[in-house]
Structures are given as C-alpha cells and as structure tokens.
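Enquirer: Have a look at this prediction, sequence included:
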Amino acid sequence: MAEEEDIISTLPDAILCHILSFLQTKQSVATSILSKRWKHLFLSVPVLYFKTTVTDQNEYIRFNDFVYSVLLSRDPALPIKTFFLEFTFNDYQILSPHCPMDTITKWVKFVAQRGVQYIDLYVGTVAFPEMPISILTCSTLVVLNLQCFSVEETFSPVLLPSLKTLHLENIWFNKLRDLMLFLNGCPILEDLFTFNVLFDSEESLTCDEWKTFCLSNLTRADIDCFSSHFPLKAVHNVSSLRLQIDRVNCRNDFISTFHNLTHLELIYLNYSWHFLLQVLKLSPKLQELKIDQAGLNKDYWTRKDDKENWVDPDFVPQCLSLHLRTCNLVNFLGLQGELQLARAMWERVVVISNVQLCKQR
C-alpha cells in the first residue's frame, strides 16, 4: 500500500499559522513537538489566545510564566493582530501577594506596542478591576471587547482613531459623562454594544451638554438602557438599532430623527406606547420592527394589566404607511393595550408582509 501523502506538511507556513490561530495558544505551542519545522512555527501565529481559571498560587505562577515566555519569545518584527485573554479567579487571597491586574496590564501594553488590532479581555473576579490604561491610546485597535472592568474617573484622554467595533459588558464608570467621553474618543466607530454598563453616580446628561455629539459613522447599535438615560441622539445615524429599555429610562428629549434606520428591535418595552410612537415618528425609513415584551424581566409572566391605557395616536408615523414590511410582536400576553397596538399596526401598515403575535415561554 502506498504511503499516504502528508498534505499538511506541503502547506506554506502562512497557512499553517492561520490554522493555528483558531486554537488556544497553549494548544498551538504543543504543536512544537511535531517536527523541526513546527518547533518555532507557533511564534509566528498572529493570534494569542490565553484562557485559564486559577484555583491556587502555583497555577497562577505557571500561567503567568507561560504567557510571559510566549510574549518574550516572539520576534519583535512580527505583529500581534489579536490578543484574547479570559482570566478567572474567585478569591484575591489565592493570589496573594501577587496582583494579577499589574501583570495583565503589562501584557496589554506589550501587545499594544506591537500593532494589535483586536483585543478581547475578560477578568472574572469578585470585583471590577481597573481597565488597563494602555488600551485607551492604542492607535491600531480596530475591535475592542471588554467584560468586567472599571474605568476610573481620572482616565487619560481616549484616542482610538482606528476603532470600529466596541463591546462593553459589565463595565463600571464613575459617571455617564465618562462613558460619553470614552465614545467621543472613537471617531470612526461603526458597531456599538453595551450591556449592564453601570455608574457610581446617578448624575445624568443634559441636552445642552451633548446636543452636538454624534457617532457619525455608527451603523449598528445594541444598547442596554436599563442602567442609564443613554442619549439616543448620539446613535441617530444607525441603520440597525436594538434597545433593551425600561420605561423609567425612556427619555424622549434625547431622541433625534433616525434618518437611516431600517431595522429596529425593542426589548422589554414595558407598555411604553408613547415612547414607541415617538420612535416610529422619528424613523421615516423603518422597514423591520420587532417588539419583545419579556426581555430579562422575571416578573413579566405575572402581569395582569397593561398599567397604561392605550391612546390612539392623532398621527400616523410615516414609516407605517410607506416603508414598514415586517412587524414581529413577541411575548405579548394579549392584554388590552397590546391588542390595541397590534390592531393599530395591522390597520395602518399598508404593505406589511408579516405580523406575528407570539406568546413564548
């Protein structure tokens, strides 16, 4: 029987490095024992992917040494395109006297100096550690995903001229104003996601302070408005908008006309029909609308009343009669206000192709 051809060995190094970039760095390093050709190949992989859960000091020291050995062994001329770190520990006493954030900050600074384009950081602890400051001025950064960090009030000016995608989940700011200053440092941002962004101070913004602020290149926004009065005027250029909202934080004075909006999804509208009508009025090109009444609200299924009477509007939003094609009403309980809304949508949307009134558990 003829010897089977080793197809993988015939591939150029660039393709092999691309294949290795889909593995965790620990697995990529393990390939160095395969042959002389593979011995140093992992050092050219442009993606660094570190993931660990620390349970004791020895494990932390081993992981720390491993990351440093990989970083310092690389050729300084080779760029690091992606740095992914998922570091979890449950007790600071496990790592005492070590401070993991001091070390992680050094790692982030290292990759930032080597032209990193994608950073994904998650540090799972009992508290929100401070975000590495070097991220804020990384001129090559295109995608930034942050989970479970705090951004101090005294943070340096944000200069992220290349950033196009920003994902903030479980992030603590001192004030809402600090979040807006953060966004203001991302001039070409195209995609924004926020979830559970928290603030130490309840101070809110005023219209006058931010009436001219706008993320002009933003095309897609997915925003959690449970924690703050997010000024929707800042995202009025988007074509796709997903809002997780609460009636308490629905502020009409922060809404501007969404000239480009074609897709809108509202999660947990909480029977805020006036807010809905206002948004529809200011979305003249809307083509797809989805309203999910449940969202993350645990008390949703126990509701007995709309708690707000539906009032037929004295105007018909332009999008309803000209552009809207799809309307999905999800997790509606069939209460009076909901049925009146469904009827109003059905009667006024001339070219609508799909209406769904769903009750899902």
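Expert: In hand now; what should we look at?
Enquirer: residues contacting the residue nearest to T125 when sequence neighbours are not counted?
Expert: Nearest in space to T125, with sequence neighbours left out and distances taken as CB to CB, 6 or more residues apart in numbering, is F89 at 6.2 Å. C-beta: built from backbone N, CA, C; applies to glycine. With contacts taken as CB atoms under 8 Å, 6 or more residues apart in numbering, F89 has the following neighbours: T53, V54, T55, Y60, L95, P100, G124, T125.
Enquirer: and I171, that's in a strand?
Expert: Yes: assigned with DSSP: H, G, I helix; E, B strand; the rest coil, I171 falls within a strand.
Enquirer: And the closest residue to it other than its chain neighbours, its phi and psi?
Expert: Nearest in space to I171, with sequence neighbours left out and distances taken as CB to CB, 6+ apart, is V197 at 5.1 Å. Backbone dihedrals for V197, given as degrees, to the nearest 10, come out at phi -80, psi 120.
Enquirer: P46 now?
Expert: Backbone torsions for P46, taken as degrees, to the nearest 10, come to phi -80, psi 0.
Enquirer: That one and H263: what is the separation?
Expert: Distance, P46 to H263, by CB to CB, to the nearest Å: 34 Å.
Enquirer: With P12 instead?
Expert: Using CB to CB, we find P12 at a distance of 41 Å from H263.
Enquirer: Between the two, which has more neighbouring residues?
Expert: Neighbours were counted for P12 and for H263 using other CB atoms under 10 Å; H263 has more, 17 against 8.
Enquirer: which residue ranges form the helices in the stretch 201-350 of the chain?
Expert: Shown for the stretch 201-350 of the chain, the helices assigned by DSSP state H, counting those that start in this stretch span residues 207-210, 273-281, 318-322, 336-348.
Enquirer: ok, the residue nearest to I171 - how many residues close by?
Expert: The number of residues packed around V197, counting by other CB under 10 Å, is 21.
Enquirer: ok, of the contacts of F89, which come out buried?
Expert: When the contacts of F89 are checked for burial by 16 or more other CB atoms under 10 Å, the buried set is V54, Y60, L95, P100, T125.
Enquirer: surely the last one meets C148?
Expert: Read it as T125. Yes: taking contacts as CB atoms under 8 Å, T125 lies within contact range of C148: 7.1 Å.
Enquirer: Need the single longest helix in this protein, by residues.
Expert: Longest helix in the chain, counting residues (DSSP state H): helix 57-73.
Enquirer: list the buried ones in that one?
Expert: For helix 57-73, the buried set under the neighbour-count rule, 16+ other CB under 10 Å, comprises Y60, F63, N64, V67, V70, L71.
Enquirer: so how far is G115 from L121?
Expert: 17 Å.
Enquirer: Please say which of the two ends up with more neighbours.
Expert: Here L121 and G115 are compared on neighbour count by other CB under 10 Å; more neighbours surround L121, at 22 against 15.
Enquirer: Is the more buried one in a helix, a strand, or coil?
Expert: Three-state secondary structure (criterion: three-state DSSP) places L121 in strand.
Enquirer: ok, what's across the strand from it?
Expert: Under the criterion DSSP bridges, L121 forms beta bridges with L85, L146.
Enquirer: So it sits against Q147, correct?
Expert: Yes: L121 sits in contact with Q147 when judged by CB under 8 Å, with a separation of 7.0 Å.
Enquirer: Now C214. Nearest residue, chain neighbours left out?
Expert: Spatially, and ignoring its direct neighbours in sequence, C214 is nearest to A234 (5.8 Å; CB to CB, 6+ apart).
Enquirer: And for the one you found, the neighbour number?
Expert: Around A234 sit 23 other residues, with neighbours defined as other CB under 10 Å.
Enquirer: Now do the contacts for it.
Expert: M180, L183, W210, F213, C214, L215.
Enquirer: rerun that using 10 Å as the cut-off
Expert: 180, 183-184, 192, 205, 210, 213-216, 218, 221, 223, 254, 256 (CB atoms under 10 Å, 6 or more residues apart in numbering).
Enquirer: rewinding a little: what residues are shared contacts of L121 and Q147?
Expert: Both L121 and Q147 are contacted by E86, under the criterion CB under 10 Å, 6+ apart.
Enquirer: if we can go back for a sec, widest-spaced pair of the buried ones among the contacts of F89?
Expert: Comparing all pairs in the buried ones among the contacts of F89 by CB to CB, the longest separation belongs to Y60 and T125, at 12.6 Å.
Enquirer: where are the low-confidence patches of the stretch 1-150 of the chain?
Expert: Within the stretch 1-150 of the chain, the segments meeting pLDDT under 70 span 1-6, 90-99, 126.
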